[in-house]
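*Asks:* Below are the sequence and a predicted model; questions follow.
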Amino acid sequence: MRMLLIHADYLEYEIRDKALKNPEPISDEQRKGRLDEVLAVFISVEKVDETNPEEVVEEAVTEIEDVAKQVKAERIFVYPFAHLSSELAKPDVALEVLKKIEEKLKEKGYEVKRAPFGYYKAFKLSCKGHPLAELSRTIVPEEGVSK
Ligand SMILES: NCC(=O)N[C@H]1[C@@H](O)[C@H](n2cnc3c(N)ncnc32)O[C@@H]1CO
């Protein structure tokens, strides 16, 4: 899994078009979204993550929470982003991983939005520009470690 984490004044998106034959079903209100004072997390779920999605979810949540605490962000935007890797996981696995990350962050008390999966989206992002405002993380499940 590859993550780009941006501490931002805001992130807003608007659905433009389908990017998959069967994108995630969404309501009209999900066609647009915005969070202010947010840690935006752009995530590419990778092929290797398919060997142990549960482990990757746990490690991603740990990394995201670590950064959120450092930048004092209480809101998190989980954003599916297929452009951080050339070895992408298949969509059904990727969507489940992203949903679980969203769910676990909410359980930890963060206000969380997740941008819809399988669409081309216009977005606006206002990066705060401080030293910890732009970070990346790579997560790889351990070889052959069955949980
Ligand atoms: N910027 C627009 C976009 O990326 N759209 C992507 C994601 O929303 C989603 N997607 C598909 N596979 C993946 C994956 N492995 N990881 C993350 N998202 C994925 O499907 C769209 C087309 O690849």
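*Replies:* Looks like it arrived, so ask away.

*Asks:* So which bits of the strand ranked longest in the chain are buried?
*Replies:* Secondary structure of the chain per DSSP state E: the longest strand is strand 2-18. Neighbour counts over strand 2-18 (16 or more other Cβ atoms under 10 Å) mark Arg2, Met3, Leu4, Leu5, Ile6, His7, Ala8, Leu11, Glu12, Tyr13, Ile15 as buried. C-beta coordinates here come from the backbone N, C-alpha and C atoms, glycine included.

*Asks:* cool, and stretch 120-139?
*Replies:* The neighbour-count check on stretch 120-139 (16+ other Cβ under 10 Å) flags Lys121, Phe123, Leu125, Leu135, Arg137, Ile139 as buried.

*Asks:* and that stretch, how far out from the chain's middle?
*Replies:* Its chain's C-alpha centre and that of stretch 120-139 lie 11 Å apart, by Cα atoms, centre = their mean, to the nearest Å.

*Asks:* So what touches it?
*Replies:* With contacts defined as Cβ atoms under 8 Å, 6 or more residues apart in numbering, stretch 120-139 is touched by 1-19, 40, 49, 56, 59-60, 63, 67, 70-71, 79, 115.

*Asks:* Likewise for stretch 65-75?
*Replies:* Contact with stretch 65-75 is made by 5, 7, 35-39, 76, 105, 108, 110-113, 130, 132-133, 135, as judged by Cβ under 8 Å, 6+ apart.
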